[in-house]
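Asker: mind looking at a prediction? Sequence and model below.
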Amino acid sequence: MTRILIILFWLSLFIPAASAAAVPVPQLKPGLELQQTPVRVPGPRYFENAVPFPVLKPKGSAPSPRKPVIVIDPGHGGSDPGAVGIKGTYEKTITTAAANELAARLRKSGRYTVILTRNNDSYVKHDDRLRIAREGQADLFISIHADSAGKNARGAAVYTLADRAKGRSKRIVNNQNWIMDIDLSTQTDPVGDILVDLAQRKTESQSDAFAGILLEELQGKTELIGNSHRRAGYYVLLAPDVPAVLLELGYISHATDEKLLKTKKHRNKLTASVERAIDRYMAGL
Ligand SMILES: [Zn+2]
């Protein structure tokens with residue numbers, strides 16, 4: 001019995017050592033931590049063969065990249081003739097012709113998706129002109145007009161949104177529940193205002209950039225009025241997230257401008273300048 005107890009005593013000394021040797025405890029060097037093995041969660045992401053099969057498509061079927069959307073807005077129309085020239089030319093006649101010619105030119109280039117707010121002698125409300133631009137996800141909105149003033153004023157001008165009109169722009173966003181990047185209707189006013197501010201700031205710099213390029217392109221092709229980049233609160237410039245300019249092609253109240261604007265040759269010079277400006281602007285984005 002005593003011998004058995006002695007054997008058990010000696011065995012008890014060796015068994016812990018033997019079990020410790022069987023399951024080694026990782027010894028960490030100072031400064032290192034024991035890393036946990038990542039837990040695999042069952043699910044489709046963790047299938048063994050998770051590498052997607054390559055999908056072969058017939059040549060030429062790849063979706064073409066989205067073309068920039070240019071919305072052209074011929075001013076006035078229908079019951080609203082706009083300004084009337086000294087020889088009786090209606091502004092709406094000039095703006096419709098120039099807008100359709102510009103649209104044809106841009107479509108022919110194949111580089112743009114072109115949307116006209118109207119293409120015939122119809123009246124389109126200002127709200128609807130903006131709605132068309134926003135729903136079409138316009139990258140650029142160009143409203144086309146021909147001005148009138150005293151007999152001596154002549155030349156083209158480009159308008160962008162005036163600072164003083166920005167509050168009005170915010171009110172329209174709220175009143176019409178326009179969806180910005182984030183739904184303003186679910187936001188408290190301060191947050192909504194900040195979002196509109198941010199959108200406006202970006203849009204303003206884009207509109208200004210395009211206005212500058214457009215004036216450079218028009219320079220030498222047509223008379224420009226002094227201080228040709230102007231700012232105004234025109235309704236069609238109010239969308240806070242659509243870069244927009246209003247181009248006054250010239251003054252139909254000036255005999256020479258009216259005569260020129262009635263000719264397709266002169267309008268071609270103008271629309272070619274607008275196209276070059278759009279190309280340059282889009283290339284720089
Ligand atoms: Zn006008």
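Answerer: Happy to help now that I have it. This is a predicted model, so every value here is computed, not measured.
Asker: below-threshold pLDDT in the stretch 151-285 of the chain: ranges please.
Answerer: By pLDDT under 70, the low-scoring segments of the stretch 151-285 of the chain are 176-192.
Asker: if we use 50, what do you get?
Answerer: Residue ranges of the stretch 151-285 of the chain with pLDDT under 50: 181-184.
Asker: what helix or strand does whatever residue of it ends up closest to the ion sit in?
Answerer: The stretch 151-285 of the chain approaches the ion most closely through residue 248 (7.5 Å), counting by CB to the ion. C-betas here are computed from N, CA, C, even on glycine. With secondary structure defined by DSSP states H and E, residue 248 is part of strand 244-251.
Asker: partners of that strand in the sheet?
Answerer: Strand 244-251 has the following sheet partners, assigned by DSSP bridges: strand 140-147 (parallel), strand 156-161 (antiparallel).
Asker: for the residue in the stretch 101-250 of the chain positioned nearest to the ion, report the pLDDT, please.
Answerer: Closest contact between the stretch 101-250 of the chain and the ion, by CB to the ion, is at residue 145 (3.4 Å). Predicted confidence (pLDDT) for residue 145: 98.
Asker: burial count for it?
Answerer: 26 (other CB atoms under 10 Å).
Asker: neighbours of the nearest residue to residue 262 once chain neighbours are set aside, just the number please.
Answerer: Excluding the flanking residues, the one nearest residue 262 by CB to CB, 6 or more residues apart in numbering is residue 89, at 6.1 Å. Residue 89: 20 surrounding residues under other CB under 10 Å.
Asker: residue 89 contacts residue 253, correct?
Answerer: No: using CB atoms under 8 Å, residue 89 makes no contact with residue 253, being 9.9 Å away.
Asker: buried stuff in stretch 104-123?
Answerer: 105, 106, 112, 113, 114, 115, 116, 117, 118 (16 or more other CB atoms under 10 Å).
Asker: quick one, phi psi at the first one?
Answerer: Yep, that's residue 105 we're talking about. phi -60, psi -50 (degrees, to the nearest 10).
Asker: next up, the contacts around it.
Answerer: Residues near residue 105 by CB atoms under 8 Å, 6 or more residues apart in numbering: 271, 272, 275.
Asker: ranges for the helices of the protein?
Answerer: Taking DSSP state H to define them, one finds helices in the chain at 2-22, 91-109, 126-135, 166-175, 189-218, 255-261, 264-284.
Asker: what does this structure put close to the ion?
Answerer: 75, 82, 145 (CB under 5 Å from the ion).
Asker: the last one touches residue 248, doesn't it?
Answerer: Meaning residue 145. Yes: between residue 145 and residue 248 a contact is recorded at 5.1 Å, counting by CB under 8 Å.
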